[in-house]
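*Asks:* Pasting the sequence and the predicted coordinates here, then a few questions.
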Amino acid sequence: MYRYDEFDHAFVRQRVDQFRDQVSRRLSGELSEDEFKPLRLMNGLYLQLHAYMLRVAIPYGTLSSRQMRCLAHIARTYDKDYGHFTTRQNIQYNWPALKDVPDILMDLAAVEMHALQTSGNCIRNVTADQYAGAAADEIEDPRVWCEIIRQWSSLHPEFSFLPRKFKIAVTGAPNDRAAVAVHDIGLRMVRNEAGEVGFQVLVGGGQGRTPVIGSMIRAFLPKRYLLSYLEAILRVYNLLGRRDNIFKARIKILVQQVGAQVFADMVEDEWQHLKDGPVELPDGELERIQAYFAPPSFEPLPTLHAGFVEAKDRDPAFAAWARSNLADHREPGYAIVNLSLKPVGGVPGDATSAQMDTVADLADRFSLGEIRVSHEQNLILPHVRQKDLHSLWQELTAVGFATANIGLISDIIACPGLDYCSLANARSIPIAQQISTRFAELDRMHDIGELKVKISGCINACGHHHVGHIGILGVDKKGEEFYQITLGGDATETAELGRLVGPALPYDKVADAVETLVDTYLEHRQGGERFLDTYRRVGLQPFKEKLYATH
Amino acid sequence: MPKHVVTANRLIDGAVVYLTDCGGWSERIQDAIVADGKEADAALTAAADRAVADCIVVAPYLIDVDTAADSSVLRALRYRERIRSDGPSIHPEFAKNLKG
Ligand code: SF4
């Protein structure tokens, strides 16, 4: 994985020193809150409902065991012994004291991590497919490009003060696990007819108040031009994006206003000036960064390990887990293992320091020291030998990470909501807890099949509700928590926005409503249809009728 | 008109605090000084502004409280403020408002 060079180390340390000085000037009264706020936000430090909140970037969702141990150490030493993995491949600490934050940032710097670009109107932490570098369906490892984008964007003065925050996601596989269509820029690695690898470029996707599926503005961009092309997009946006109205400042609004084709033409024009210019990667740079992502040394193994097959035959609980929580690895004899951070009745995405330490140990013993974090708020051990799966599963069971529910109804994305977030209208986490408790029974969950429930506590949509098969949005009705339900959202390569089913429901009716929707799906399901397939075939009406007949 | 108390976050650690009658700040809403009427509100706001200038708290504001049922128990009216005073609903063990 990527290792900081001298420049990165010096840069991050210098930023920590600067912030230490700023914090001490704030505490002594030399800086007012108005002066300090933008400085703390540039360092990922928010003030939330109960306390400060520190958001730490996990670039493209990749962590080493050493870094995970540092995250555990921070939770234990400076926080209430847990952290929250978010939908943007970050970890948030909910209770750090301002006076401790410079020390936390120094500890992070020691393991090559930071909280820069996790706030503010800059290019945010670039996100990627959580299976990057391991997935069987991958064309190329997208993290190489995420890292190139990270380096380009971290230091780019022109892009530190954009009209609004700017999010880029990259997938190297045709099966989109990174939700690239709902990012300001989504990049999909594709092959052209000549077999060369490049990017399909989507622009203007996003969630929030005005959800939009990104428009494809280039079907194939040769890889070497990525930076000049991105720079062209950002320049057009920076020039034309609205800075006068926060709700209209995202690139998606601009793309909607001028039209995707016109926007594409403007980018193309701008690009002609930049192409082959100084912004392109210097010779050797791609190779230098690629070397950091060289595949680890895998053992030569048979495609299928007999012991793994036998264990599944012998042990139905293990078989159920293997069915939902494993993904195909590119190397024979290996598997990608999802660790569910969604135990029944638990808080989606939360992990204690002890759990983080255990994951780090398991990564060292079973996954070549590597860990991944998904935007769906789970952890991944990317490189596990099939022959180790049964032992690993037993250990994961002991630590509470073996719930066999990945992609199923209880694998819910939930934002922090009103339990933590100062922008929230309503709570998200307890709704997730109620639903996962309601559908706790494993056989039923597996029978229902793939079903993505996503919950946001306000229209900012951090819980991705617009692209949930069932999306749940908290709204405020005269000081009471109410929830709107949308159906048919999809964050993958067949991306779609969910449609509102009807009037919002009160807090204590949401789990019942989800059950009614699931029952309606099961009534109409044909063959092996997933919830989304049935919904697409029968439409909103049957769900709506059932839901509002019973409520 | 509902009565008010002043809440803020403590600068050094971000903790939710309430202005008390001796001009200090407490983590328990129970300890808060209650303002009844515009003049009392203004006096509390002025005290809070001084605490901002003195780097004790940030972002103070008045919240509505319910004293009707039992004047010895202070409760925020809005749900958001109840979560602030009581801690996350999913972590009852973090509640600061426990008796004692
Ligand atoms: S969706 Fe709203 S409530 Fe949830 S974390 Fe984002 S801003 Fe907060």
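*Replies:* All right, it came through fine. Numbers count the residues shown, from 1 in each chain, chains lettered A, B, ... in the order given.

*Asks:* What parts of chain B come near chain A?
*Replies:* Within chain B, the positions near chain A by CB under 8 Å from any CB of the partner chain are B:9, B:11-16, B:52-55, B:58-59, B:77-80, B:83-84, B:87-91, B:94. The way it works is simple: take the backbone N, C-alpha and C, and place the C-beta from them, glycine included.

*Asks:* So which of the residues you listed are in strands?
*Replies:* Residues of the residues of chain B next to chain A located in strands (DSSP state E): B:9, B:16, B:58-59.

*Asks:* Spatially, what comes nearest to A:Ala72 if we skip its sequence neighbours?
*Replies:* Nearest in space to A:Ala72, with sequence neighbours left out and distances taken as CB to CB, 6 or more residues apart in numbering or on different chains, is A:Met356 at 3.6 Å.

*Asks:* For the residue nearest to B:Gln30 when sequence neighbours are not counted, give me its contacts.
*Replies:* In space, and not counting its chain neighbours, B:Gln30 is closest to B:Leu74: 5.6 Å by CB to CB, 6+ apart. Residues near B:Leu74 by CB atoms under 8 Å, 6 or more residues apart in numbering or on different chains: B:5, B:29-30, B:32, B:34, B:65-67.

*Asks:* Equivalent analysis for A:Lys452, please.
*Replies:* By CB under 8 Å, 6+ apart, the residues touching A:Lys452 are A:407, A:411, A:413, A:468-470, A:491.

*Asks:* got it, and B:Ile56?
*Replies:* B:Ile56 neighbours (CB under 8 Å, 6+ apart): B:10-11, B:25.

*Asks:* again with A:Lys223
*Replies:* Taking CB under 8 Å, 6+ apart, we find A:Lys223 in contact with A:145, A:197-199, A:286.

*Asks:* Next: A:Glu331.
*Replies:* Neighbouring residues of A:Glu331 by CB under 8 Å, 6+ apart: A:295, A:298, A:301, A:383.

*Asks:* Can I have the buried ones of those as a PyMOL selection?
*Replies:* This is the PyMOL syntax for the buried subset of the contacts of A:Glu331, where burial follows 16 or more other CB atoms under 10 Å in any protein chain shown:
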select buried, chain A and resi 383
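
*Asks:* among the contacts of A:Glu331, which two are most distant?
*Replies:* Maximum pairwise distance among the contacts of A:Glu331 (CB to CB): 14.1 Å, between A:Pro295 and A:Leu301.

*Asks:* A:Phe85: which of the contacts of B:Leu74 is nearest?
*Replies:* Checking the contacts of B:Leu74 one by one against A:Phe85 (CB to CB), the nearest turns out to be B:Ile29, at 31.4 Å.

*Asks:* Distance of that closest one relative to the ligand?
*Replies:* 23 Å (CB to the nearest ligand atom, to the nearest Å).

*Asks:* In contact with the nearest residue to that residue once chain neighbours are set aside, which residues?
*Replies:* Distances taken as CB to CB, 6+ apart place B:Ser85 nearest to B:Ile29, at 4.2 Å, with adjacent residues excluded. Contact analysis of B:Ser85 by CB under 8 Å, 6+ apart lists B:7, B:16, B:18, B:28-29, B:75-76, B:96-97.

*Asks:* For B:Ser85, report the pLDDT, please.
*Replies:* You'll see B:Ser85 listed with a pLDDT of 94.

*Asks:* low-scoring stretches of the stretch 101-250 of chain A, by residue?
*Replies:* Per-residue confidence for the stretch 101-250 of chain A (pLDDT under 70) gives these ranges: A:155, A:241-248.

*Asks:* Over to chain B?
*Replies:* Those would be B:68-71, B:97-100, if you go by pLDDT under 70 across chain B.

*Asks:* in it, which helix has the most residues?
*Replies:* When every helix of chain B is counted residue by residue (DSSP state H), the longest turns out to be helix B:38-53.

*Asks:* can you list the residues that contact that one?
*Replies:* If you take CB under 8 Å, 6+ apart as the criterion, helix B:38-53 is touched by A:29, A:33, B:4-6, B:8, B:19, B:23, B:25, B:33, B:35, B:57-58, B:60, B:62.
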